[in-house]
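Novice: Sequence first, then the predicted structure, then my questions.
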Amino acid sequence: MFKALVVVPTYNEIENIERLLRTVFSLQREFHVLVVDDNSPDGTAQLVEDNFIKYPEKLFILKRPVKNGLGNAYIAGFKWALEKEYEYIFEMDADFSHNPNDLVRLFNACHKEGNDVAIGSRYVTGVNVVNWPMSRVLLSWLASKYVRFVMGMDIYDTTAGFICYKRSVLERINLDNIRFVGYAFQIEMKFKAHLSKFKIIEVPVIFTDRTKGESKMSSGIISEAIFGVIGMKIKSVFNRKRFNKTSFH
């Protein structure tokens, strides 16, 4: 059984994906990569398949018929990873906003230091974001502070999408019950790991905005994150009260 799999969702990432694969596969620690492609019209999936011969038994693709949300793509990738019995499952963007070299640091935080979840954090040591306009930096930073306050999680970068999970975390979380698809997906996954008392650590990273291709960010994704957390918190409080009543009786 191989240890580490990086799940990379793609939609029109033909300008980035080949260089990303080359960088990940050149790291000193070996990682496998699963690309989850949502039927990119630019030929991303075909380019990945063209690289199979270069990276045999290391590179895989999961092709989905339509663009159906980041969260859904990750869940499909996580289920694939669990079926293949990987021990450490990562999520990472295809656009180099996440530095592939930091995969090793996230892996070590779980494998060597005994954490269950390692988050590549933009905000644990200040604000480590490059090439974002100040308005977007403020929106992201304030959203994370808001979520941290509402959810009661001791996590500075609650919307981070650069993460290492031990397989036990993904086995415990019921992936079929994950509601959200955008930024709120990232929050929901962290919150469920937090509720299950898993050991979570933030590893400081520098986030660099994409230089090639188009951002998938939208106002709807941000709204989902801001308003979705209230529903998550209320549901968790309700479930806890119901559990306590059941336990009492």
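Specialist: Nice, thanks for sending it over.
Novice: Am I right that residue 42 is in contact with residue 12?
Specialist: Yes. Between residue 42 and residue 12 there is a contact under Cβ atoms under 8 Å: 4.6 Å. To be clear about C-beta, it is placed using only N, CA and C from the backbone, and glycine gets the same treatment.
Novice: Compare these two (neighbour count), which wins?
Specialist: The residue with more neighbours, out of residue 42 and residue 12, is residue 12; 19 against 14, by other Cβ atoms under 10 Å.
Novice: Which parts of the protein are strands?
Specialist: For the chain, the strands defined by DSSP state E cover 4-10, 32-37, 59-63, 88-91, 117-121, 129-130, 163-166, 200-204, 207-208.
Novice: Give me the mean pLDDT for stretch 90-100.
Specialist: On average, the pLDDT along stretch 90-100 is 95.
Novice: tell me the contacts of residue 84?
Specialist: Going by Cβ atoms under 8 Å, 6 or more residues apart in numbering, residue 84 touches residue 5.
Novice: pLDDT weak spots in this protein?
Specialist: Applying pLDDT under 70 to the chain flags residues 1-2, 210-227, 230, 237-249.
Novice: Residue 58: what's it in contact with?
Specialist: Per Cβ under 8 Å, 6+ apart, neighbours of residue 58: 25, 30, 31, 32, 33.
Novice: Between these, which sits nearest residue 205?
Specialist: Each of the contacts of residue 58 was scored against residue 205 by Cβ to Cβ, and residue 31 proved nearest at 16.3 Å.
Novice: residues near the closest one, how many?
Specialist: Neighbour count of residue 31, defined by other Cβ under 10 Å: 20.
Novice: these two touch, right, it and residue 20?
Specialist: No. Contact criterion Cβ under 8 Å: residue 31 and residue 20 do not qualify, at 11.5 Å.
Novice: any common contacting residues for these two?
Specialist: With contacts taken as Cβ under 8 Å, 6+ apart, residue 31 and residue 20 have no neighbour in common.
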